[in-house]
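Visitor: pasting the sequence and the predicted coordinates here, then a few questions.
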Amino acid sequence: MSAQTHKANAPSRELLEKLFRTAYKIRVFETEGIKLYRQGLIRGYFHPYLGQEGIATGVCAALKEGDYIASTHRGHGHCIAWGADVNRMVAELLQKESGYCRGYGGSMHIADISVGNLGANGIVGAGTPLGVGAALAAQIKGSDAVTVTFTTDGASNNGTFLESLNLAAIWNLAFVLVIENNQYAVSTRIEESTREVDLYKRGLSIGVESYQVDGNDPLAVYNLTQEAVEKCRRGEGPILIEAKTYRHMGHHVNDPGKYMPAEKLAYYKDRDPVDRARNALVEMAGIDATEIEAIENEIKQEFEAAVEFSKASREISISEFHDFVAAY
Amino acid sequence: MAREIMYRDALREAIDEEMARDKTVFIIGEGIAERGGSYKVTEGLLDKYGPKRVRDTPIAEAGMIGVGVGAAIAGARPIVEILYIDFAMLGMDMIVNQAAKFRLMTGGDGRVPFIMRTQGGTGGGVAAQHSQSLEAMFYHIPGLKVVMPSTPSDAKGLLKYALRQPDPVMFLEHKHLYMTKGMVPDGEHIIAFGKGDIKRPGKDVTVIAWSNMVPRTLEAAEKLAAEGIEVEVIDPRTLVPLDKEMILTSVAKTNRAVIVQEAVRRGGVASDIASIIQEEAFYHLDAPIEIVAGLNIPIPFNLELEKASVPQVDDIVAAVKRSLHAKPVAIAAE
C-alpha cells in the first residue's frame, strides 16, 4: 500500500482522444472564462483549474453512468470532465436562467444531481462527507455506484477529512477520495500546513488503501483510478489517491500568486497536463497535427457558441425569484 | 381507536413504520444499534432491519451529519441521531452551509430530505454542555424545518411526515419528554408541518409554548383555572414553518399573548413570535406581550440553580397575571 507509479498499458486511441479532449476543454473553459471575468461578464469568485486538468480528466474517464462525484470550490474542471454541458456552465457563470443553477449558485455551486454531480462547494473540505454519504446511500440501495470526492491538500487538515474517510472505511464504502495536492492552501505552502507532505499516508493510518500519483499525467491518473474504482465495485473500498499537482496561477482570478516561486511554476508548466494528454495522443495513437488542430478548433468553437448562448439567455425574473422562495 | 404510549415509543413506531414502508430510510448514531439508543428510541430496530440500515457511528458529529446530508442529496432518507443538541454544534457547517443551502444553490433541483433527530433542554443536572435549548440557531437559518413535538402523538405524526417531505428537518426532542405518556391514534398517523395545535382552549390569555414548556404551561393553566382565568395554550409544534394563523386568530380572540420558551431570552424564537404578533395583531392587543424565557446564561449544574435558570410553572402563572392585569392606556381622541 505504498506509493505507486502506474504505467499505461496500451491505451486505446479512443481513450487517449477522450483524455485530450477533456483536458483541452477544461483549459479552454478556464482560459476563456478568465477573459470573460476580466471583461466584467462574470462576477463573484472564479477559481481556475489551470494546471490541474490532468486529475479531473483521468479520474472521470474511469467512472461510468450512475456513479457520483463531489467537487471543490475549484470545480469547473470536475464538471466538464464529468460531461457537463458547456452552454449551461457558461450560462451559470453569467448568472443566466439557462445555467445549471438558474443563476442561483454560480461558479462555486454548480451541481447536477440528475447525473450524480453532487456539486462544487464553497466550503473547503465539505465534499468529503457529502461524497461518503452518497456512497452510503448507494450501499443501502444495493447499487454498484462508486462515488469520487475531489478534495484538496488544504482540506486534508480539516476535521471532516478524517471523520468521513474513517466512516467510509468502517463501512467498506465504494468511495474514492482524490486529494488534489496543489501544494497551497490558498497562499499557505503545504510545508507550513503539515509536517507530512505526502498526504496519501493519512489514509494508511486508518487502514485505507492509499496511493500517490503524478496528477499532471492524465493517463496515469486514469489507470490508477480505474483500478481503484474496480476495487470499490468489488466491495474493497474505500481508496485514497493523492495526486500531486500545481496551479498555474494564484488561488483565484484576482490573486496574482506572487508567493509561487518562478522555478517551481516553470517545473510544473514543463509537465503541463494538457500538453501531456496531447503528446500521448500524438505519440501513442499516431494522430497528426491536422487532427489535433481540428479537435482544438471544435472545442474552441463549442466554447464560443456557449458564450453566445449565454449572452442571449435571460436572467431569472424577480417575480420568479419570489415564487421560488415563497416556500422558505 | 387510540393507545396510551410513551413519547419514545411513539418515535420508535414512526421510524419503524417508515423503515418498513420505504427501503431508503436508515438511521445512524452513537449507540443506537445494539444498545438501542440512550433514550431507547431505536430499540429493536437493528434486529428488524439489520446492520445496513441501523448503524452505530464513531463519535464524529460533523462526519455523521455530513454523511447524512450527502446520502439525502443522493436520494436516500437518512435519520442521523445526535445524542445531545449541544453536540450538533460540531456539525453546523453541514447543517447550515450544506443542507440548508443546497436547494437554493441548485436553483431548486437539489433536495435534501435529511433528518437530524436530537434532544435538548434542562433535566436533572447534566450541566452547561448537555442542557441547552438551541432551536433559535436553526430557526435563524433559511432552508431548515424546525420541529419540536411536545406529546407522543405529535412526535409520531410529525416524524412520519418528516420522513416523507423533501427538506432538511431539525427534529428536536426534549430529554424530559421521552418517558411521558399520551394517547396516540392507531393506524396511519401523520401530522403535516405548519399546523399548530390548541392544547387547551381558553378565552382570557393566549399562551404560546413548545416542547417541554407545553406540559409546564398546561400545569400553569390548571392553576390559573382554579382562579377563574382561562388561558388558551397553543403549541406551534413546528417553529419552521410556523402556524401564524393559529396564533393570530387566538390573539384576536383573547387580546393578550404570553410566549414561553426554555431557551435563553436573548435572540430567541419567542422574540420573533412577539414581533410577528405586534406587527400583524397590534390593534388586537390589550396588554404588552409577555415573554417567559431562560436566563441569558449557560445552565448551571446545581439543581436549584438549574431550575432558577429556566421558566417554572409559577413564572408562567405570574406572566399570565401581568398580562391580564395590565391597564390599557387610554388614547385621547383627536
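Guide: In hand now; what should we look at? All of these numbers come straight from a predicted model, not from anything done at the bench. Numbers count the residues shown, from 1 in each chain, chains lettered A, B, ... in the order given.
Visitor: what's the burial count for whichever residue of the stretch 51-200 of chain B sits closest to chain A?
Guide: With distances taken as CB to the nearest CB, the stretch 51-200 of chain B approaches chain A most closely at B:Gly70, which sits 2.1 Å away. All C-beta atoms are positioned from the backbone trio N, CA, C, and that covers glycine. Neighbourhood size, B:Gly70 [other CB atoms under 10 Å in any protein chain shown]: 34.
Visitor: which residue, other than its chain neighbours, is closest to it?
Guide: Residue nearest to B:Gly70 in three dimensions, not counting chain neighbours: A:Gly133, with 2.1 Å by CB to CB, 6 or more residues apart in numbering or on different chains.
Visitor: from chain A, which residue is nearest to chain B?
Guide: When distances are taken as CB to the nearest CB, chain A reaches nearest to chain B at A:Gly133, 2.1 Å away.
Visitor: mind telling me what element that residue is part of?
Guide: helix A:127-141 (DSSP states H and E).
Visitor: could you list which residues are in contact with A:Thr149?
Guide: In this structure, A:Thr149 makes contact with A:69-71, A:127-128, A:130-132, A:175-178, judged by CB atoms under 8 Å, 6 or more residues apart in numbering or on different chains.
Visitor: buried subset of those, written for ChimeraX?
Guide: Here is the ChimeraX selection string for the buried members of these, based on 16 or more other CB atoms under 10 Å in any protein chain shown:
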select /A:69,70,71,127,128,130,131,132,175,176,177,178
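Visitor: now pLDDT and distance to B:Ser271 too, for the contacts of A:Thr149, in CSV please.
Guide: Putting the contacts of A:Thr149 into CSV (pLDDT from 0 to 100; distance: CB to CB, whole Å) gives the following:
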residue, pLDDT, distance to B:Ser271
A:Ile69, 98, 43
A:Ala70, 98, 38
A:Ser71, 97, 39
A:Gly127, 97, 36
A:Thr128, 98, 37
A:Leu130, 98, 34
A:Gly131, 98, 39
A:Val132, 98, 38
A:Phe175, 98, 44
A:Val176, 98, 48
A:Leu177, 98, 44
A:Val178, 98, 46
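Visitor: mind listing what's buried along the helix ranked longest in chain A?
Guide: Ranked by residue count and defined by DSSP state H, the top helix of chain A is helix A:13-38. By neighbour count, with 16+ other CB under 10 Å as the criterion, the buried positions of helix A:13-38 are A:15-30, A:32-34, A:36-37.
Visitor: how about stretch A:52-65?
Guide: Taking 16+ other CB under 10 Å as the criterion, stretch A:52-65 shows A:52-63 as buried.
Visitor: up against chain B, what does the stretch 1-150 of chain A have?
Guide: Residues of the stretch 1-150 of chain A lying near chain B by CB under 8 Å from any CB of the partner chain: A:68, A:70, A:99-105, A:109, A:111-114, A:116, A:118-119, A:121-123, A:126, A:128-134, A:136-141, A:147.
Visitor: now those: which count as buried?
Guide: A:68, A:70, A:99-105, A:109, A:111-113, A:116, A:118-119, A:121-123, A:126, A:128-134, A:136-140, A:147.
Visitor: OK, contacts around B:Phe301?
Guide: Taking CB under 8 Å, 6+ apart, we find B:Phe301 in contact with B:125, B:127-128.
Visitor: could you list which of the buried residues of stretch A:52-65 belong to helices?
Guide: When the buried residues of stretch A:52-65 are checked against helices (DSSP H), the matches are A:53-61.
Visitor: list just the nearest of the residues you listed to B:Glu188.
Guide: Lowest distance from B:Glu188 to these (CB to CB) belongs to A:Cys60, with 44.6 Å.
Visitor: and stretch A:274-293, what's buried?
Guide: Neighbour-count burial for stretch A:274-293 [16+ other CB under 10 Å]: A:274, A:276-278, A:280-282, A:284-285, A:287, A:292.
Visitor: can you list the residues that contact the host helix or strand of A:Ser319?
Guide: In this structure, A:Ser319 is located in helix A:318-325 according to DSSP H and E. By CB under 8 Å, 6+ apart, the residues outside helix A:318-325 that reach it are A:97, B:104, B:108.
Visitor: now whichever strand or helix holds B:Leu224: buried residues?
Guide: Element membership for B:Leu224 (DSSP H and E) is helix B:213-226. Burial within helix B:213-226, assessed by neighbour count using 16+ other CB under 10 Å, is assigned to B:213-218, B:220-221, B:224.
Visitor: tell me what it is packed against?
Guide: strand B:197-200, strand B:205-209, strand B:231-235, strand B:257-264, helix B:313-325 (3 or more CB pairs under 8 Å, 6 or more residues apart in numbering or on different chains; DSSP states H and E).
Visitor: now tabulate these in CSV and tack on mean neighbour count and distance to B:Lys48.
Guide: What follows is the helices and strands packed on helix B:213-226, written out as CSV (neighbours: other CB atoms under 10 Å in any protein chain shown; distance: least, CB to CB, whole Å):
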stretch, mean neighbour count, distance to B:Lys48
strand B:197-200, 17, 31
strand B:205-209, 30, 35
strand B:231-235, 26, 31
strand B:257-264, 26, 34
helix B:313-325, 18, 40
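Visitor: now do the contacts for the nearest residue to B:Val317 once chain neighbours are set aside.
Guide: Nearest residue to B:Val317 in three dimensions, chain neighbours excluded: B:Ala220, at 4.8 Å (CB to CB, 6+ apart). Counting by CB under 8 Å, 6+ apart, B:Ala220 makes contact with B:207, B:231, B:313-314, B:316-317, B:320.
Visitor: with pLDDT as extra columns, can I get those residues in JSON lines?
Guide: Compiled in JSON lines, these are given as follows (pLDDT from 0 to 100):
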{"residue": "B:Val207", "pLDDT": "98"}
{"residue": "B:Val231", "pLDDT": "98"}
{"residue": "B:Val313", "pLDDT": "98"}
{"residue": "B:Asp314", "pLDDT": "98"}
{"residue": "B:Ile316", "pLDDT": "98"}
{"residue": "B:Val317", "pLDDT": "98"}
{"residue": "B:Val320", "pLDDT": "98"}
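Visitor: between those, which is nearest chain A?
Guide: Distance ranking of these against chain A, using CB to the nearest CB, places B:Val207 first at 28.0 Å.
Visitor: partners of that closest one in the sheet?
Guide: According to DSSP bridges, B:Val233, B:Val258 are recorded as the beta-bridge partners of B:Val207.
Visitor: so what's it up against?
Guide: By CB under 8 Å, 6+ apart, B:Val207 lies in contact with B:217, B:220-221, B:231-234, B:257-260, B:316, B:320.
Visitor: how does it look with 7 Å?
Guide: For B:Val207, the set of contacting residues under the criterion of CB atoms under 7 Å, 6 or more residues apart in numbering or on different chains consists of B:217, B:231-233, B:258, B:260, B:320.
Visitor: interface residues of the stretch 51-200 of chain B facing chain A?
Guide: Residues of the stretch 51-200 of chain B found near chain A (CB under 7 Å from any CB of the partner chain) are B:52-53, B:57-58, B:60, B:62-64, B:66-71, B:73-76, B:93-94, B:97-98, B:104-110, B:142-143.
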